[in-house]
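Trainee: sharing a model prediction with you, sequence too.
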Amino acid sequence: MKTWIAFWNIMKKDVRTYYLKPPNISWGIVFPLSWTLMQMIRSSGSVDLSSIREMLPGLIAMSVLFGTTSMLAVTITFERRGRSFDRLLLAPISLRAMVTAKLSGAVLFGALNAFVPVILAAWFVDLSEVNWVSVLLAVFLTALTSALMGLVIAVSAKEVFEAQTLSNFFRFPMLFLCGLFLPISSLPVCLRPISYMLPLTYGTDLLNSSILGASAMPPVLCIAVLLVFAILLFEFCQYSISRKWIL
């Protein structure tokens, strides 16, 4: 029971202190909106409403990616600098429970970010044929792996600006390598193996299957690969925290 109380209070503190601030809420709305309009207008100079449904899986995946990695990488680095994270390491709970609690707030924030473009798209196109159960699963797994990537960045960085730089170093190439807006089949052959080494590729493909009914890989394979990525990244983060931050 004490573990669940600690888990809830850590997650609640992160949500209240970091995620519910007006700049973060506005970022979760403005960023997907600006990308949606940019992709709709493109080079023709006019809004193309027919392309909203095709862009929706990429917009959802991008919203999750930027929401989770930004917040977790920066907040943990900030707490490490202010020594508040050290107090959590001294708390009478397991390291696994503490890491899970820190991840939960970022996963929740990223999942909520994911539905900003969905709400916007629902005004213009019919989404009645979308498999929402599969979408929710894809959003959760994508948010979980993205949050874990943010934690990997936080473990590697010592300053907030380092965390931001490392986040952008990973995130922006993913926009072009993970099939968000450019199919992997259209990439140069030398870049395709890199695409399949990134968890966001499988999250995006699972979203494509759920929303568009078309995917490059079987959905079961995408789910299995995302779960493997989540387990490996979680164990790596826990090991790194134990080795670097606990004497």
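Mentor: Structure's in. What do you need?

Trainee: hey, let's count contacts and neighbours off CA atoms from now on
Mentor: Will do.

Trainee: tell me the SS of Ala216?
Mentor: coil (DSSP: H, G, I helix; E, B strand; the rest coil).

Trainee: can you pull the contacts of it?
Mentor: Asp205 (Cα atoms under 8 Å, 6 or more residues apart in numbering).

Trainee: next, find the distance separating it from Pro173.
Mentor: 20 Å (Cα to Cα, to the nearest Å).

Trainee: what residues are up against the residue nearest the centre of the chain?
Mentor: Relative to the mean C-alpha position of the chain, the nearest C-alpha, by Cα atoms, centre = their mean, is the one of Leu65, at 3.1 Å. Contact analysis of Leu65 by Cα under 8 Å, 6+ apart lists Gly110, Thr142, Ala143, Ser146, Ala147, Arg171.

Trainee: try it again at 7 Å.
Mentor: Ala143, Ser146 (Cα atoms under 7 Å, 6 or more residues apart in numbering).

Trainee: secondary structure element holding it?
Mentor: helix 52-82 (DSSP states H and E).

Trainee: before we move on, what SS does Val107 have?
Mentor: helix.

Trainee: can you tell me how far the nearest residue to Glu129 once chain neighbours are set aside is from Thr204?
Mentor: Closest residue to Glu129 apart from its sequence neighbours, by Cα to Cα, 6 or more residues apart in numbering: Ile211 at 7.6 Å. Ile211 is 10 Å from Thr204, where distance means Cα to Cα.

Trainee: over to Tyr19?
Mentor: On the measure of Cα to Cα, Tyr19 and Thr204 end up 24 Å apart.

Trainee: more crowded one of the two?
Mentor: Thr204 (26 against 22; other Cα atoms under 10 Å).

Trainee: tell me the contacts of the more buried one?
Mentor: Pro57, Gly58, Ala61, Gly179, Leu180.

Trainee: what subset of those residues is buried?
Mentor: Pro57, Gly58, Ala61, Gly179, Leu180 (16 or more other Cα atoms under 10 Å).

Trainee: show me which residues of the helix or strand where Phe115 lies are buried.
Mentor: Assessed by DSSP H and E, Phe115 sits inside helix 95-122. Buried residues in helix 95-122, counting neighbours by 16+ other Cα under 10 Å, are found at 95, 98-118, 120-121.

Trainee: and what of stretch 211-224?
Mentor: Buried residues in stretch 211-224 (16+ other Cα under 10 Å): Ile211, Leu212, Ser215, Pro219, Cys222, Ile223.

Trainee: and the pLDDT at the fifth one?
Mentor: Here the pLDDT value assigned to Cys222 is 92.
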